[in-house]
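Student: A predicted structure for the sequence below; I have some questions about it.
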Amino acid sequence: MSLSHHLVIITGANRGFGASVAHSYVTHSGANAISFVLVGRNQKGLEEVLSQLQHNASGSNVEVKGLVVGDVDLADIEKLDSNLPRIQAAATELRQESIQAKKIVTKSVLVNNAGSLGNLSKTAKDVTWQEARTYFDFNVVSLVGLCSAFLKSTQATFPKEQYPDHKTVVVNISSLLAVQAFSNWSLYAAGKAARDRLLGVIALEEKANNVKTLNYAPGPLDNDMQADVRRTLGDKEQLEIYDGMHKNGSLVKMDDSSRKLVMLLKKDEFASGGHIDFYDE
């Protein structure tokens with residue numbers, strides 16, 4: 001049986017759901033070796049996550065290595081031209097190491113987890129165009145840049161003619177808001193819908209290059225972002241629902257949701273470009 005070696009780039013990986021996805025990938029992906037590129041704002045946090053991943057894998061049959069790319073704020077669009085090459089340089093270094101060690105990467109995965117809520121106290125009529133531009137720069141424009149750089153660098157290193165079995169996957173951490181409207185979520189919903197559709201287009205364009213895309217909605221997670229929702233959401237009816245879920249413990253545990261995502265990637269039966277929710281069967 002040939003070695004299964006995955007290169008996994010995760011944005012927003014220094015804490016929360018991004019870190020949970022990394023841990024679940026080690027435990028549930030079925031890969032023999034995983035090379036991580038962990039991207040985020042907090043360099044120390046990223047280093048701690050990578051150290052934990054390697055420690056947890058030490059007693060298993062999974063070989064874990066990786067690089068961290070810290071001080072990356074994807075909301076700072078002026079630095080995107082310098083940050084994107086840093087991310088891809090780390091990925092290229094790990095890919096080249098895999099080739100030299102004859103443990104060639106068989107699957108490249110980009111998980112775009114970084115994102116923001118926007119101002120949930122406002123309805124659409126109160127959102128300024130300046131707020132919208134800032135929001136979409138972070139949540140949509142940076143994703144376009146990430147996907148473009150990732151696909152180009154992956155295909156340059158593993159051209160289909162030379163590596164016909166290499167698989168590439170782009171994952172967008174999506175939301176129910178991408179497909180269903182709720183009050184006070186105008187920027188968030190529009191951003192998630194745009195990201196979903198972008199990956200739908202990529203699925204069509206890159207099908208012949210062994211590329212699949214997945215929009216995964218992780219559910220209402222029990223995390224810091226959900227706590228921000230409960231503090232700031234202007235719609236009282238929704239707020240009561242989220243407060244109730246928090247109080248009765250029915251918010252989704254991050255590790256449960258990240259495990260479902262990794263299992264979807266492992267089984268590889270999802271329709272490319274589609275949208276899958278945590279609650280879907």
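Tutor: Perfect, I can see it now.

Student: So, low pLDDT: which residues of this protein?
Tutor: Applying pLDDT under 70 to the chain picks out residues 1.

Student: residue boundaries of the strands in it?
Tutor: 5-11, 33-39, 63-69, 107-112, 167-173, 211-217, 274-277 (DSSP state E).

Student: Out of these, which gets nearest to Gly118?
Tutor: Closest to Gly118 of the strands of the chain is strand 167-173 (C-beta to C-beta; 15.4 Å). For every residue, glycine as well, the C-beta is placed using N, CA and C.

Student: Would you mind getting the angle between the closest one and strand 5-11?
Tutor: Interaxial angle of strand 167-173 relative to strand 5-11 (axes from the mean of the first three to the mean of the last three C-alpha atoms, to 10 degrees): 30 degrees.

Student: before we move on, back to that, with distance to Ser148 and mean neighbour count added, can I get the strands of the chain in a markdown table?
Tutor: Shown next, in a markdown table, are the strands of the chain (distance: least, C-beta to C-beta, whole Å; neighbours: other C-beta atoms under 10 Å):
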| stretch | distance to Ser148 | mean neighbour count |
| --- | --- | --- |
| strand 5-11 | 13 | 26 |
| strand 33-39 | 16 | 26 |
| strand 63-69 | 17 | 20 |
| strand 107-112 | 11 | 26 |
| strand 167-173 | 11 | 23 |
| strand 211-217 | 13 | 24 |
| strand 274-277 | 21 | 18 |
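
Student: Please identify which of these is closest to Ala91.
Tutor: Ala91 lies closest to strand 33-39 among the strands of the chain, at 5.1 Å (C-beta to C-beta).

Student: between the closest one and strand 107-112, how big is the angle?
Tutor: 30 degrees.

Student: Contacts for strand 33-39, please.
Tutor: Contacts to strand 33-39, defined as C-beta atoms under 8 Å, 6 or more residues apart in numbering, come from residues 3-14, 18, 22, 25-26, 46, 49-50, 53, 57, 62-69, 72, 87, 90-91, 94-95, 97-98, 103, 105, 114.

Student: now that strand, how far from the centre of its chain.
Tutor: Remark: strand 33-39 is offset 13 Å from the chain centroid, using C-alpha atoms, centre = their mean, to the nearest Å.

Student: how about the nearest residue to Ile276, chain neighbours excluded?
Tutor: Setting aside the residues directly before and after it, Ile276 is nearest to Tyr216 in space (C-beta to C-beta, 6 or more residues apart in numbering), at 5.6 Å.

Student: Tell me how far the one you found lies from Ala149.
Tutor: 21 Å (C-beta to C-beta, to the nearest Å).

Student: same check, this time on Gln43
Tutor: Per C-beta to C-beta, Gln43 is found 21 Å from Ala149.

Student: So between these two, which is more surrounded?
Tutor: Ala149 (18 against 14; other C-beta atoms under 10 Å).
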